[in-house]
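> I'd like to go over a predicted model; first the sequence, then the structure.
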Amino acid sequence: MVYFIGAGPGDPELITVKGKKHIEEADIVIYAGSLVNKELLKYCKPSAQIYNSAGMTLDEVLKIMVKGVKEGKKIARLHTGDPSIYGAVREQMDALDRHGIQYKVIPGVSSFLATAAALKKEYTLPGVTQTVILTRMEGRTEVPSEERIEALAAHKATMVIFLSIGMIDELVSRLKAGYEENTPVAVVYKASWPEQKIVRGTLADIAGKVRAEGIKKTALVVVGNFLGDEYELSKLYDKSFSHEFRSARE
Ligand code: SAH
């Protein structure tokens, strides 16, 4: 059996109890070395074979998995954050299907969630926005033209932009096609790691601030008025509003 495990955003305590258990039990551990915190490897048993997938191709990763499973070994494949977000996990799962190998996915805390926690903000504020867009700018991987930043920005929803900090100037100019120039923006570098940095600004000044901080990778850009201070109170905790678990009070 292969376990695809969301290793969380960085802080080794932000893996799930189940994810940690599978690392402890694994005979083979393959981790995405560019972003997975190596502290997590301390949970491995001493006899575990450990591979860093950073310098490996898909075929090489698969070869280790297929051979290991044939030998009756238990395999933990660690992905940063949650595997479902830019995890390149689907191609691995489909290949395992073709080999008739069973696998399970253990979700993780994505960096976009650790970013909201670092900022102490809520992405979905009543009266502001009820939608979160997770996206990226095109790099070596293309983005469908319907999803270009300008088109998404037109919704003025909360937007979380992955894999794009290195293109912050272009990103900001394209965001301005939809959002007002004074819309708040935050950049969180290495959310939940000891070296975490937060840069706050607006679309007008964030690019310069990011450059001044020297942030070039491992950061998320979050945009929207959820970062502001104007919103409506929730209906969930409104005393004049009743719901399944609570009746209205005076
Ligand atoms: N599956 C991961 C994302 C992988 S793509 C997840 O769920 O978080 C890699 C990109 O994620 C990086 O370029 C960066 O934009 C973002 N990222 C990953 N870890 C991060 C962290 N701790 N803080 C800020 N951004 C992070």
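Here it is on my side, so go on. Being a predicted model, the structure only gives us computed values, none of them experimental.
> buried set for the longest helix along the chain?
Ranked by number of residues, the top helix in the chain under DSSP state H is helix 58-70. Neighbour-count burial for helix 58-70 flags 61-62, 64-66, 68-69 (criterion: 16 or more other C-beta atoms under 10 Å). C-beta coordinates here come from the backbone N, C-alpha and C atoms, glycine included.
> okay, now the residue of the chain found nearest the ligand: neighbour count?
Closest contact between the chain and the ligand, by C-beta to the nearest ligand atom, is at G81 (2.1 Å). When neighbours are counted by other C-beta atoms under 10 Å, G81 registers 27.
> kindly report the same for the one 10 residues further on.
Neighbourhood size, E91 [other C-beta under 10 Å]: 12.
> so what's F241 closest to, chain neighbours aside?
The spatially closest residue to F241, leaving aside those adjacent along the chain, is K235, at 5.0 Å (C-beta to C-beta, 6 or more residues apart in numbering).
> hmm, the one you found is touching Q130, no?
No: taking contacts as C-beta atoms under 8 Å, K235 lies outside contact range of Q130: 11.9 Å.
> near the ligand, which residues of this protein are found?
Applying C-beta under 6 Å from any ligand atom, we find that the chain lies next to the ligand at 9-10, 35, 79-82, 85-87, 110-111, 114-115, 162-163, 188, 190-193, 218-220.
> 5 Å instead?
By C-beta under 5 Å from any ligand atom, the residues of the chain that approach the ligand are 9-10, 80-82, 85-87, 110-111, 162-163, 190-191, 220.
> can you tell me which of these has the most neighbours?
With neighbours taken as other C-beta under 10 Å, the top of the residues of the chain next to the ligand is P9, carrying 30 neighbours.
> show me what V132 is bridged to.
Counting by DSSP bridges, V132 forms beta bridges with T158.
> hmm, it is touching Y123, no?
Yes: counting by C-beta under 8 Å, Y123 is a contact partner of V132 at 4.8 Å.
> the more surrounded of those two?
Neighbours were counted for V132 and for Y123 using other C-beta under 10 Å; Y123 has more, 23 against 16.
> who's in contact with that one?
By C-beta atoms under 8 Å, 6 or more residues apart in numbering, the contact set of Y123 is 116, 129, 132, 158, 160, 224, 226.
> likewise for I215?
I215 makes contacts with 165, 187, 189, 197, 199, as judged by C-beta under 8 Å, 6+ apart.
> let's see 10 Å
By C-beta atoms under 10 Å, 6 or more residues apart in numbering, I215 lies in contact with 165-166, 168, 187-190, 197, 199, 209, 221.
> next, it: phi, psi?
Per-residue torsions, I215: phi -80, psi 120 (degrees, to the nearest 10).
> kindly report the same for K209.
Residue torsions, per degrees, to the nearest 10, at K209 are phi -70, psi -40.
> wait, isn't it in contact with V221?
No: contact between K209 and V221 fails when scored by C-beta atoms under 10 Å: they sit 11.7 Å apart.
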